[in-house]
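Trainee: could you work out the structure for the sequence below:
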Amino acid sequence: MQLIDTHCHLYAAEFNDEIGAVLSRATQGGVAEFYMPAIDSETHAQMITLEKEHPRCFSMMGLHPCSVKAGWEKEMEIVENWLTKRKFAAIGEAGLDFYWDKTFIKEQYLVLEKQIALALNYQLPLVLHTRNAMQETLDIIKQYKNTSLTGIFHCFGGTHEEAQQVIELGFYLGIGGVLTYKKSGLDEVIKKIDLSHIVLETDAPYLSPVPYRGKRNESAYIIEVAKKLAAIKEIPIEEVAAVTSMNAKKIFKNKNV
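Mentor: Below you'll find the model as predicted:
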């Protein structure tokens, strides 16, 4: 059985002391590939180094909406420069975040548009962060409905109607630990969504699934998300693994291999 973690920050400081063990546990648990979204230039070096040392780790390139602040123009220059140097698996982590700080909302929209343009130019999938900004993000992506733009709505936690909008736009739902939380309501939404529209993720070191909630998340815990999804769908976990992995491979077909 093969699983793919489509969203994990394995280069984060939380893993510094034992990344080898973290990857070993995940591999033993059936995780075959790891996709790492960029945050900003402060961690590019760590991400690229980890990718070089572990051939099943694949880097994305982009600017996280929470890193859109004064000096964002320089950050986007760095992103664009990296993209001229080598291949990446995707553009991301891009998007909108209206949860933490609304000071740079205008700039967040501008940076998202720039990253959409990069995704189209380089023919790469776009990995989207949408915290407290799901409909706003959908409204932007709808403007590109008749283009080749595709990707993942990472950490999807929206309504069935929002899920349908994502699917109609040719994007996939990134499902992680939130699915295992009793009060999330996500299980009822996902029950109605065909597996062909879903990929699995951890967002490690964040959003650990039950029974690890409150602890540092890691890619090995993706099995808990797969188990929960299998239970909701009343299908074998092997089917969940096979279909979601196939979906991930479709999305990241142009990864740097």
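Trainee: rest of the way, CA atoms for contacts and neighbours
Mentor: Noted.
Trainee: pLDDT on the helix or strand where A230 lies, on average?
Mentor: Applying DSSP states H and E as the criterion places A230 in helix 222-233. Per-residue pLDDT over helix 222-233 has a mean of 98.
Trainee: off-centre distance for that helix?
Mentor: Using CA atoms, centre = their mean, to the nearest Å, the mean C-alpha position of helix 222-233 is found 18 Å from that of the whole chain.
Trainee: how about stretch 139-150?
Mentor: Offset of stretch 139-150 from its chain centre (CA atoms, centre = their mean): 18 Å.
Trainee: let's see that stretch as CSV, backbone CA atoms only.
Mentor: The C-alpha trace of stretch 139-150 is given here as CSV (Å, rounded to 0.1, in the frame of the first residue of the first chain):
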residue,chain,number,x,y,z
ASP,A,139,-13.8,33.8,-6.7
ILE,A,140,-10.3,34.6,-7.9
ILE,A,141,-9.7,31.1,-9.3
LYS,A,142,-13.0,31.2,-11.2
GLN,A,143,-11.6,33.9,-13.4
TYR,A,144,-9.2,31.3,-14.7
LYS,A,145,-11.8,28.6,-15.3
ASN,A,146,-11.1,28.3,-19.0
THR,A,147,-7.3,28.0,-18.6
SER,A,148,-5.1,25.1,-17.8
LEU,A,149,-4.9,26.1,-14.1
THR,A,150,-5.2,23.2,-11.7
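Trainee: list the contacts of it.
Mentor: I116, A119, L120, Q123, L124, P125, L126, L169, G170, F171, I251 (CA atoms under 8 Å, 6 or more residues apart in numbering).
Trainee: about what we covered before: which other helices and strands contact the following helix or strand past the helix holding A230?
Mentor: Sequence order places helix 237-251 as the next helix or strand after helix 222-233, per DSSP H and E. Applying 3 or more CA pairs under 8 Å, 6 or more residues apart in numbering; DSSP states H and E, one finds that helix 237-251 makes contact with strand 3-5, strand 198-200, helix 222-233.
Trainee: can you check which of those gets nearest to P209?
Mentor: With CA to CA as the measure, helix 222-233 is the member of the helices and strands packed on helix 237-251 nearest P209 (6.5 Å).
Trainee: so which elements touch the closest one?
Mentor: Right, helix 222-233 is packed against strand 3-5, helix 186-191, strand 198-200, helix 237-251 by 3+ CA pairs under 8 Å, 6+ apart.
Trainee: and the third one, which strands flank it?
Mentor: With DSSP bridges as the test, strand 198-200 is paired with strand 171-175 (parallel).
Trainee: before we move on, back to that, which among the contacts of stretch 139-150 count as buried?
Mentor: Buried members of these, counted by 16 or more other CA atoms under 10 Å: I116, A119, L120, L124, P125, L126, L169, G170, F171, I251.
Trainee: tell me the mean pLDDT for the top helix by length along the chain?
Mentor: The residue-count maximum for a helix in the chain (DSSP state H) belongs to helix 105-122. The pLDDT scores in helix 105-122 average 98.
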